[in-house]
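Enquirer: Predicted model and sequence follow; I will ask about them next.
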Amino acid sequence: SRVSVVGLGYIGLPTAAVLAAHGIDVIGVDISKEAVNAINAGRIHIVEPGLAALVQRAVGAGLLRAAEKPEAAEVFVIAVPTPFLQDTAGATPTPDLNYIRAAAESIAPVLKPGDLVILESTSPVGTTEQMSQWLQSARGDLVFPQRDTNSPVDIHIAHCPERVLPGRVLEELVENDRIVGGLSAACSDAAVAFYRRFVRGNCIVTDARTAELTKLTENAFRDTNIAFANEMALICNHLNIDVWELIRLANRHPRVDILNPGPGVGGHCIAVDPWFIVSSAPEQAQLIKQARTVNDTRPTYIVEQVQRVVHSLKNPVIACLGLAFKPDIDDLRESPAMQITLQLAKTLCCELLAVEPNIHCLPRTLVELAVEFADLDSALARADVVVILVDHKEFLQLNTTHFSHKSVIDTRGLLPRLDNGERGEPQRGSRG
Ligand code: SAJ
């Protein structure tokens, strides 16, 4: 049997490659001609450890092929983006389901009785039912599952949210437990049978709406906990207490586990998914909404801290350490470190150096603002002010003498870790 993966991005492409590595015949579908051509040539257009080799082998073995248009298959896995739309400043962002709708409408013509359609994209509650309705409107000749009925259907539909951590995608795709939310019991059974072919974790069955909210809850939980840590950082700054020491001490309690404050929450999920809950239940989701605000104001707060330090110095050289949204990856999209560096470049008229060991050249936006790409050693030799924005492993190899006689704004609590000889050790929560 053949599996079609629709959307070959950070989730879809690794999923397609892992399926092929399990001997399954996979056709990947993407609207980007460049992505399709790259994959068919055995190359990849995204960065994820181990993925390039896996894709190359799968394409070479003839088990993975990419196409711009869907073709017949027995299982369709939809892994397209669900961004959010913000019409006016200050308004609650609302989910944009257009990619899911387009994906559903594109596969509708090739569906046949007995097929299984799985939605893996992170989705607001009710999206899987909505997708079934879109499919039903496109294919009046087939019966799709509807809410609260267990009558016979031609097509099985389930929501099985992806939950893999960027940087560990290939392991987590196989090892993590899967939440399987069918639109009926038979839909769940069909989806479980599919995941059992390559997942070593447990497949836990629920309904589609609960599965949708489970995924959103996981990321909102993390966002809220990071917001708590960020608020403690504000409180500590006000009271002149070291937040890192405070958290280390509080975490000695057996039932306390505070995450790390930082320059803000980046990435494509944790800063987005809580809004899907807020937009579905605006009256009820007060804490989740407030957490978003706390985390979203962090970059501005850090920029102001740096500005205060810089204004007391004469023509200082500033070095920003790290641009990625979290340690040891090259992903600069939705990164608070990038946001802060850009804002500093726009507002300060002094020499600004950026260090990012995981990329080869600076993004154009920074080059245009005359930010200089520097290696770690020369940046530390030249800088008067150092802004630590990401705790990359290269920075954990430093020692505190590298920072002597400099003003340091340490958004990641790197210095206390160097002091404590925790060199190279991940901090609680910071590496997922
Ligand atoms: N961060 C902090 N303090 C912390 C932990 C993280 O400021 O203590 C920041 C990071 O620096 C980063 C952001 O939060 O900017 C998010 O990083 P992350 O490592 O927490 O998460 P992501 O976005 O890489 O992946 C998350 C994961 N979700 C959870 O851990 C609940 C992953 O399992 C999901 O699959 C992924 O979102 C997704 O696709 O939804």
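Expert: Yes, it's here.

Enquirer: List the residues that contact the nearest residue to residue 177 once chain neighbours are set aside.
Expert: Closest residue to residue 177 apart from its sequence neighbours, by Cβ to Cβ, 6 or more residues apart in numbering: residue 201 at 4.1 Å. For glycine as for every other residue, the C-beta is placed from the backbone atoms N, C-alpha and C. Going by Cβ atoms under 8 Å, 6 or more residues apart in numbering, residue 201 touches 174, 175, 176, 177, 178.

Enquirer: How about the residues of the chain by the ligand?
Expert: 122, 162-166, 218-219, 222, 226, 259-260, 262, 265-267, 269-270, 325-326, 429-430, 432 (Cβ under 6 Å from any ligand atom).

Enquirer: is it possible to export the contacts of residue 201 to TSV including distance to residue 109 and neighbour count?
Expert: Below are those laid out as TSV (distance: Cβ to Cβ, whole Å; neighbours: other Cβ atoms under 10 Å):
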residue	distance to residue 109	neighbour count
174	32	15
175	36	12
176	33	17
177	34	12
178	29	22
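
Enquirer: Export those residues as a markdown table, with columns for pLDDT and secondary structure.
Expert: As requested, those are arranged in a markdown table below (pLDDT from 0 to 100; DSSP: H, G, I helix; E, B strand; the rest coil):
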| residue | pLDDT | secondary structure |
| --- | --- | --- |
| 174 | 97 | helix |
| 175 | 97 | helix |
| 176 | 97 | coil |
| 177 | 97 | coil |
| 178 | 98 | strand |
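
Enquirer: What ranges does the stretch 101-250 of the chain have for its strands?
Expert: Counting by DSSP state E, counting those that start in this stretch, the stretch 101-250 of the chain has strands at residues 116-119, 156-159, 178-182, 203-207.

Enquirer: okay, those strands, which one's buried deepest?
Expert: strand 156-159 (a mean of 29; mean count of other Cβ atoms under 10 Å).

Enquirer: For that strand, which strands pair with it and how are they oriented?
Expert: Sheet pairing here is set by DSSP bridges, and for strand 156-159 it gives strand 116-119 (parallel), strand 178-182 (antiparallel).

Enquirer: Return the distance of it from the chain's centre.
Expert: 23 Å (Cα atoms, centre = their mean, to the nearest Å).

Enquirer: which other residues reach it?
Expert: So strand 156-159 is contacted by 115-120, 123, 127-128, 131-132, 135, 144-145, 180-184, 186-188, 190-191, 208, 211-212 (Cβ under 8 Å, 6+ apart).

Enquirer: now do 7 Å
Expert: 116-119, 123, 128, 131-132, 144-145, 180-183, 186-188, 190-191, 208, 211-212 (Cβ atoms under 7 Å, 6 or more residues apart in numbering).

Enquirer: Could I get the average pLDDT for that strand?
Expert: The pLDDT scores in strand 156-159 average 98.
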